[in-house]
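Asks: Make a model of this:
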Amino acid sequence: MSSTQPQKKSRAEVRQAVNEAKQRAKELENQQKAARKAAKERRRKSNNPADMGTFRQIKEAYKVTKEYQPALPWMLLGAFVLPIVIGLLIGWFVDQMLWLGLLGLFVGLPLAMFVLVNQTKKATFKRYAGQTGSAEVALSMLPKKKWLSTPAIAANRQMDAVHRTVGPAGIVLIGEGEPGRVRQLLASEAKKHQKIAYEVPVTTVVMGEREGLVPLDKLADHIKKLPKKLQSHEVAEVRSRLKALDSIRPKLPMPKGPVPTSMKGMRQGMRGR
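Replies: Numbers count the residues shown, from 1 in each chain. Predicted structure coming up:
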């Protein structure tokens, strides 16, 4: 009898260990479920497009754009329906209404999306026009694989600012603010960049609505049309040089992105949200 007692005790310990492992696995599963539920709830309430699904992004884009373009529903309807109508009419004459109608449908959907994207860009520019930091909106529309943008690398007390983007055209400095003051700020920044850029071109652009200036809604296209001067490996080298210049700059107490019009929004921006 005594020889079997240790064996029975060992089996009991094994069963207990198995039960404890099952309990821990169950607790871990519950924690993972709770974490997924919390993350889903956070994304549902988030205003960050990165947290939104495709359909919600489209819905939010439509809602915001419609505020600045009341005719948007009719524009989208026309872009969607017109290719279908044309396809059906042509199909009626050639006795291929079904197939040409479907072709019109497949053309109408992407055409409506194109119209929405185009109008959303225009609405975005209208929304931020005249706000300090609005140049960042245009810079964000440059291709990320080709251009690396750094907002507000320099500013003065009057909130005139200089932004920078680096890409195939070299270094492009964008001045935003009162043209007379911002040109002085741009000239100072151009000298600093030329000292470390060597033969890399440094182009200055003044953003504004006056004659001779580049408007907000034309800024991204203006930069993309600048003559190509650098290859991709040369762009990477320039970026590494600029890190040395940026490391010695004092950090500017400016909010990220266009400055909100309310004081509450301003405080949130200064805290980094």
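Asks: Which other helices and strands does the helix or strand encompassing H163 contact?
Replies: Using DSSP states H and E, H163 falls within strand 161-167. Contacts defined by 3 or more CB pairs under 8 Å, 6 or more residues apart in numbering; DSSP states H and E place strand 161-167 against helix 135-139, strand 148-155, strand 170-176, helix 179-197, helix 232-247. In this view, the C-beta of every residue, glycine as well, is placed from N, C-alpha and C.
Asks: Run the chain-centre distance for the helix or strand harbouring Q57.
Replies: Assigned by DSSP H and E, Q57 falls within helix 54-68. Computed by CA atoms, centre = their mean, to the nearest Å, the separation of helix 54-68 from the middle of its chain amounts to 15 Å.
Asks: Show me how the record splits this protein into domains.
Replies: 54-128, 135-270 (automatic domain parsing).
Asks: buried stuff in stretch 54-74?
Replies: If you call a residue buried by 16 or more other CB atoms under 10 Å, then stretch 54-74 has these buried ones: A61, T65, L72.
Asks: closest to V81 among the residues you listed?
Replies: Taking CB to CB as the measure, L72 is the one of these closest to V81, at 14.7 Å.
Asks: Skipping adjacent residues, who's closest to that closest one in space?
Replies: Nearest non-adjacent residue to L72, counting by CB to CB, 6 or more residues apart in numbering: K66, 4.8 Å away.
Asks: ok, now how distant is the one you found from W74?
Replies: Distance, K66 to W74, by CB to CB, to the nearest Å: 11 Å.
Asks: For the stretch 51-200 of the chain, give me the ranges with low pLDDT.
Replies: Scanning the stretch 51-200 of the chain for pLDDT under 70 picks out 51-53.
Asks: what's the longest helix in this protein?
Replies: helix 5-45 (DSSP state H).
Asks: for that one, what is the average pLDDT?
Replies: For helix 5-45, mean pLDDT rounds to 73.
Asks: so how far is stretch 130-143 from its chain's centroid?
Replies: 10 Å.
Asks: no wait, stretch 63-72
Replies: The answer for stretch 63-72 is 20 Å, by CA atoms, centre = their mean.
Asks: Show residues contacting that stretch.
Replies: Y62, P73, M75, L116, Q119, T120, K122, A123, K126, R127 (CB atoms under 8 Å, 6 or more residues apart in numbering).
Asks: The last one: helix or strand, and which one exactly?
Replies: This points to R127. Counting by DSSP H and E, R127 is part of helix 97-128.
Asks: Please consider this matter closed, and thank you.
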